[in-house]
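Student: generate coordinates for the sequence data below:
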Amino acid sequence: MTPTDAGAEDSGGMRVAAAPPRPGQGKFLTGSLMRHVAVMTLTSSVGLLALFVVDFVDLFFISQLGDPALTAGIGFASTLLFLNSSLNIGLMITISALAARRIGMGRGETTRALLGEVLMLGIALSAVIALLFWIFAPQWVEMMGASGTAKDAAVSYIRIVAPFGPVTVTGMVCSGFLRAYGDARRAMNTTLAMAAGNAVFDPLLMFGLGWGFVGAAWATVISIILMAITGIVPILSHYGGFAMPSRASFAENLFDIRRIMVPAVLTNLATPVGGIIAFRLIAVYGEASVASYAVIGRIIPLAFCLLFSLSGSIGPIIGQNYGAGQIDRVRGTIDRAVLFAAGFTLLIWPLLILGSDAIGAIFDLPVGGMDLIHAFAWIVVPLFFFNGLLFISNASFNNLDRANWSSLTNWGRNTLGVLPFALVGSQMAGAPGVLIGQAIGGVLFGLGAYWLTRYRVNQLQTL
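Tutor: Next comes the predicted model:
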């Protein structure tokens, strides 16, 4: 499907005229692009920030149990569970991209059936993945380098949380549907509900009931259920509910769903693969380094929540304007997102340098792990801007009929951009070198992905 300034193609390949904006549908087809980018990103980041703050506090609570092996265990578990999150994120991207494009083309009435089909597919796939996680968790965690108490803690966490994968995917898909309509506030509420659930139940279960590490896992389960409920209710109340997919409708939409879903899932699978590679290299330096790396894994989404939000927030803006054939506004959205990412990175860098020692003290990190924290604050943080370029590029590819480019660049970044650079860094500077090597790989692939984004927009401009 390749909309141009002259028109667009429907799912059957027939060229149709790009529909003019209609009230209450194409929210992003007019108005200030910077305002749309800022509003969508800031509202998205509020929910993400709340979620990441609670995740950060979750790790803090676990660190207060007095065993660095438990802190390392949650790091192993979180990295492995992100494989499951890749499906959820991929499906959220799928519904957001397809629904936004149809809204821009004036076909908003077809989105309810699309939502039901994506949900049905997602629940079935996540149930299979949850079963595999439950069965093979010990082997996979051991493969990452975990042993002893850290391995046992990671396996128990995974076996509690993984079976609720179908509930998680429901909440994520509903959030993506709301974003496609530009309903940033209600989409934000899904993550706020999850954050609130964790904030309340983490200390209650871990310390109030004395469940310890297991309490953290059950608090996550409760928060997942709250997220799903908060996503379902506004769709029932304000968007006509869920349309049961028919065989004919599913057959018609499957090609479009598969064309975005498969590359989007593969794209997001690359991130935990890169994390597993890095964890395996870090693990040889002992639990102090693994614990510090786990803390950094929580700091990154907390500190850079605005950059993470960009990839989800600009997608509907790009998708609606692409569906309407307004390629100049697509280009403008990407340009403003890049400026947004650069400004935020320059703002956060000195703050993390000043706070690096405090981070070590808060999490009671061993002295042997502080070198990773300092390397992160001084060297890795400014280079994270190039990861921001990759996030923006991935959102662009997913909404401009080049989702496979997103897969290629993300897999390249998390394999070729991690392993050789991290190995060289490890040889030169030990555990901090692994961290720095990863960041340098990110620079190369971030620039490459951004060049491809500009190429694709220029290609669309000339059609």
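
Student: switch to C-alpha atoms for all contacts and neighbour counts from now on
Tutor: Will do.

Student: quick check: buried residues in stretch 426-436?
Tutor: 426, 430-436 (16 or more other CA atoms under 10 Å).

Student: with distance to residue 207, pLDDT and secondary structure added, can I get these in TSV?
Tutor: Formatted as TSV, the buried residues of stretch 426-436 follow (distance: CA to CA, whole Å; pLDDT from 0 to 100; DSSP: H, G, I helix; E, B strand; the rest coil):
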residue	distance to residue 207	pLDDT	secondary structure
426	38	94	helix
430	37	92	helix
431	33	92	helix
432	34	94	helix
433	37	95	helix
434	35	94	helix
435	33	94	helix
436	37	96	helix
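
Student: of those, which is the nearest to residue 202?
Tutor: residue 435 (29.7 Å; CA to CA).

Student: quick check: the closest one touching residue 372?
Tutor: Yes. With contact defined as CA atoms under 8 Å, residue 435 reaches residue 372; the gap is 7.4 Å.

Student: residue 237: neighbour count?
Tutor: Using other CA atoms under 10 Å, the number of residues around residue 237 comes to 9.

Student: next: the one 10 residues further on.
Tutor: If you count neighbours by other CA under 10 Å, residue 247 ends up with 9.

Student: next: the one 4 residues further on.
Tutor: Other residues lying near residue 251 total 12 when counted by other CA under 10 Å.

Student: so it, which of the three states?
Tutor: helix (DSSP: H, G, I helix; E, B strand; the rest coil).

Student: name the element the residue nearest the centre of the chain belongs to?
Tutor: The centroid of the chain falls nearest to residue 89 when counting by CA atoms, centre = their mean (5.9 Å). According to DSSP states H and E, residue 89 maps onto helix 68-104.

Student: helices and strands around that helix, which ones?
Tutor: Packed against helix 68-104, as judged by 3 or more CA pairs under 8 Å, 6 or more residues apart in numbering; DSSP states H and E, are the following elements: helix 33-63, helix 111-143, helix 148-161, helix 165-180, helix 247-283, helix 287-303, helix 305-323, helix 381-399.

Student: and it with helix 165-180, angle?
Tutor: 40 degrees (axes from the mean of the first three to the mean of the last three CA atoms, to 10 degrees).

Student: now helix 68-104: average pLDDT?
Tutor: What helix 68-104 shows for mean pLDDT is 79.

Student: quick one: that helix to helix 305-323, angle?
Tutor: Using the same axes, to 10 degrees: helix 68-104 against helix 305-323 is 20 degrees.

Student: re earlier: just checking, the residue nearest to the centre of the chain touches residue 267?
Tutor: No. Judged on CA under 8 Å, residue 89 makes no contact with residue 267 at a distance of 9.6 Å.

Student: next one: phi and psi at residue 245?
Tutor: phi -70, psi 140 (degrees, to the nearest 10).

Student: pull out the buried positions in stretch 257-270.
Tutor: 257, 259-270.

Student: could you check how far it is from the centre of its chain?
Tutor: Computed by CA atoms, centre = their mean, to the nearest Å, the chain-centroid distance of stretch 257-270 equals 13 Å.

Student: that older thread, max pairwise distance over the buried residues of stretch 426-436: which two?
Tutor: That would be 430 and 436, which, of the buried residues of stretch 426-436, are the farthest apart (CA to CA) at 10.2 Å.

Student: deepest-packed of the helices and strands packed on helix 68-104, please.
Tutor: Mean neighbours per residue, mean count of other CA atoms under 10 Å, is largest over the helices and strands packed on helix 68-104 for helix 305-323, with a mean of 29.

Student: got the contact list for residue 227?
Tutor: 168, 171, 190-194 (CA atoms under 8 Å, 6 or more residues apart in numbering).

Student: coming back round to it: distance to residue 418 for the buried residues of stretch 426-436 - can I get that in TSV?
Tutor: Output for the buried residues of stretch 426-436, formatted as TSV (distance: CA to CA, whole Å):
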residue	distance to residue 418
426	11
430	15
431	14
432	14
433	11
434	9
435	9
436	10
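
Student: the residue nearest to residue 297 when sequence neighbours are not counted: how many residues sit nearby?
Tutor: Excluding its sequence neighbours, the residue lying closest to residue 297 (CA to CA, 6 or more residues apart in numbering) is residue 75, at 7.7 Å. By the criterion of other CA under 10 Å, residue 75 has 26 neighbours.

Student: repeat that for residue 64.
Tutor: Residue 64, neighbours per other CA under 10 Å, totals 16.

Student: same thing with the one 4 residues further on?
Tutor: Using other CA under 10 Å, the number of residues around residue 68 comes to 22.

Student: how about residue 358?
Tutor: Residue 358: 11 neighbours (other CA under 10 Å).

Student: and it, its phi and psi?
Tutor: The phi and psi values for residue 358, taken as degrees, to the nearest 10, are phi -60, psi -40.

Student: and stretch 326-339, how far out from the chain's middle?
Tutor: 21 Å.

Student: what of stretch 317-324?
Tutor: Distance, centroid of stretch 317-324 to centroid of chain: 21 Å (CA atoms, centre = their mean).

Student: can you show me the CA trace of that stretch as CSV?
Tutor: This file holds the C-alpha atoms of stretch 317-324, laid out as CSV (Å, rounded to 0.1, in the frame of the first residue of the first chain):
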residue,chain,number,x,y,z
ILE,A,317,1.1,11.2,12.9
ILE,A,318,3.1,9.7,10.1
GLY,A,319,0.5,7.1,9.4
GLN,A,320,-2.4,9.5,9.1
ASN,A,321,-0.6,11.9,6.8
TYR,A,322,0.8,9.0,4.7
GLY,A,323,-2.7,7.7,4.3
ALA,A,324,-3.9,11.1,3.2
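
Student: for the record, mean pLDDT for it?
Tutor: 90.

Student: do stretch 135-153 as well
Tutor: Mean pLDDT, stretch 135-153: 82.

Student: from residue 312, how far off is the residue nearest to the centre of the chain?
Tutor: Distance of residue 89 to residue 312, computed by CA to CA, to the nearest Å: 10 Å.
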